[in-house]
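Asker: Structure for this input, please:
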Amino acid sequence: MKRRILIVDDDVKIVELLQLYLEKEGYGTLVAYDGFTALTLARQKRPDLILLDLMLPVMDGLDVCRILRTESNIPIIMLTAKTTEADMLLGLDLGADDYINKPFSPRQVVARVRTVLRRAGDVHEKARPEVRVGDLVIDFAAHQARLKDVPVHLTPKEFQLLETMAKEPGRAFSRLELLERVFGLDYEGVDRTIDVHVLNLRKKIEPDPAQPIYVQTVYGVGYRFAEIDE
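Answerer: Numbers count the residues shown, from 1 in each chain. Here you go, the predicted model:
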């Protein structure tokens, strides 16, 4: 069964170009030219990944991303001509999994789609034991974190980040290593990508995000997951 990509952009030429390249690679495509239609298609058709332009009529891409992240973990790659760090961080803060600046090469987009889908699929398909620390349970096989037995809604990238650290509790990871493991060696995002994702992760799993006990800061290095008491 073909994996389906929802392309959301108000520029018809960009949509047609991405459709051409994605379909040549064997993907099915869905198309929306405004935010409201994108939201409707995402809910009805459940695509495997969404390419989401930031500047859209009716409802902008940030609002679409914000709403979708309350409803699903569908991977989202944001497309935009805006290149300021603030715009990039805002998209990541809302739960986007990756960010591509316009103008872009369609081959670059296809490569990013393949990478994001592979990483999301790896998380779903590989059965691993769960990790328990205090009130937090990380179930790798189910791709789920639970806090006091209540499921925590994490984006795919947030879960991958948590999984990467939790598999080696107590080990300090540099930001660069986390960036490479979670986003890939060719990722061209901004320097604070990992910091933004850690901040979002802490808001969801820490009793007090200002004093984290699970995802800890290692000053001068990066981050680590709390050691597990045997």
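
Asker: neighbours around the closest residue to Arg69 other than its chain neighbours, how many?
Answerer: Across the structure, with CB to CB, 6 or more residues apart in numbering as the measure, the residue nearest Arg69 apart from its sequence neighbours is Gly95 (3.7 Å). Backbone N, C-alpha and C define where each C-beta goes, glycine included. Other residues within reach of Gly95 by the criterion other CB atoms under 10 Å amount to 22.

Asker: Repeat that for Tyr219.
Answerer: Using other CB under 10 Å as the criterion, Tyr219 is surrounded by 6 other residues.

Asker: and this structure, what are its domains?
Answerer: What automatic domain parsing lists as the domains of the chain is 4-123, 128-225.

Asker: Could you export these to JSON lines, including columns for mean pLDDT?
Answerer: Output for the domains of the chain, formatted as JSON lines (pLDDT from 0 to 100):
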{"stretch": "domain 4-123", "mean pLDDT": "88"}
{"stretch": "domain 128-225", "mean pLDDT": "87"}
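
Asker: Spit out the contact partners of the most centrally placed residue in the chain.
Answerer: Central residue check for the chain by CA atoms, centre = their mean: the C-alpha nearest the mean position is that of Asp97, 2.6 Å away. Contact analysis of Asp97 by CB atoms under 8 Å, 6 or more residues apart in numbering lists 75-77, 116, 120, 155-157.

Asker: okay but Ile205 is in contact with Val152, surely?
Answerer: Yes: with contact defined as CB atoms under 8 Å, Ile205 counts as touching Val152 (5.8 Å).

Asker: where do the helices sit along this protein?
Answerer: Using DSSP state H, the helices found in the chain span residues 12-24, 35-45, 61-69, 85-93, 106-125, 156-166, 175-183, 193-205.

Asker: what's the most buried one of those?
Answerer: helix 156-166 (a mean of 23; mean count of other CB atoms under 10 Å).

Asker: quick one, it and helix 175-183 angle?
Answerer: Angle, helix 156-166 to helix 175-183, by axes from the mean of the first three to the mean of the last three CA atoms, to 10 degrees: 130 degrees.

Asker: and the closest residue to Lys102 other than its chain neighbours, what is it in contact with?
Answerer: The shortest distance from Lys102 to any residue that is not its chain neighbour, by CB to CB, 6+ apart, is 4.4 Å, and that residue is Ala81. The contact partners of Ala81, taken as CB under 8 Å, 6+ apart, are 54-55, 101-102.
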